[in-house]
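J.: structure here, sequence nowhere to be found:
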């Protein structure tokens, strides 16, 4: 298994991690490396602050606007007016962000896949978070799923923070900074740590 070393590493941290990793089983993280950064950013915006099922529905309606294509081009997205995109379920703020991503892709600010792959995490985060509406979490999803970076912990992600709270039986989730500090001890396997924390049972 490609993530076996990471799973063993996390299971060795303490008894809580060991029980959780044993209960969930092998890590089955599924990156999407065939998606270019533009598509990854658009998809991440669709899922911002939503449950996965709601995000799936919005993306599905977006794709339905462009039959016969796997994904709309930046030019097509830029030419799609607000009302058309609102029918997919995007808010006005997200539509502005989508248009900004499309324009930035055409301008070269959003890099193509080979260029992004050659950039380090910090440089890519710094570059893309200059775009309006694109925060660190959005770029971290790109790093995790498109660029297959193994050591990314989205410390702002509610699922990660609340997963750790449940794992440890805490009354409240830890702060973003506390999660960042704690995450250093999970390096170089923070991506797999996030995958397991997303799967801590809610019951």
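T.: Sure thing, it's come through. Remember, it's a predicted structure, so these values are computed and weren't measured experimentally.
J.: what sits against residue 56?
T.: By Cβ atoms under 8 Å, 6 or more residues apart in numbering, residue 56 lies in contact with nothing. Every residue, glycine included, has its C-beta placed from N, CA and C.
J.: again, 10 Å this time
T.: 46, 47, 50 (Cβ atoms under 10 Å, 6 or more residues apart in numbering).
J.: list only those of the residues you listed flagged as buried.
T.: Buried by 16 or more other Cβ atoms under 10 Å: 46, 47, out of the contacts of residue 56.
J.: out of the contacts of residue 56, who's nearest residue 4?
T.: Residue 4 lies nearest to residue 47 out of the contacts of residue 56, by Cβ to Cβ, at 28.3 Å.
J.: that closest one contacts residue 89, correct?
T.: No: using Cβ atoms under 10 Å, residue 47 makes no contact with residue 89, being 11.3 Å away.
J.: between the two, what contacts are shared?
T.: 54, 55, 58, 59.
J.: quickly find the element holding the most centrally placed residue in the chain.
T.: Nearest to the mean C-alpha position of the chain, by Cα atoms, centre = their mean, lies residue 141 at 2.1 Å. If you go by DSSP states H and E, residue 141 is part of helix 136-141.
J.: buried sites along that helix?
T.: So for helix 136-141, counting by 16+ other Cβ under 10 Å, buried means 137, 138, 139, 140, 141.
J.: quick one, helices of this protein?
T.: Counting by DSSP state H, the chain has helices at residues 4-11, 15-24, 37-47, 52-64, 74-79, 82-86, 92-107, 113-118, 121-128, 136-141, 158-168, 176-183, 190-197.
J.: that concludes my questions; thank you for your assistance.
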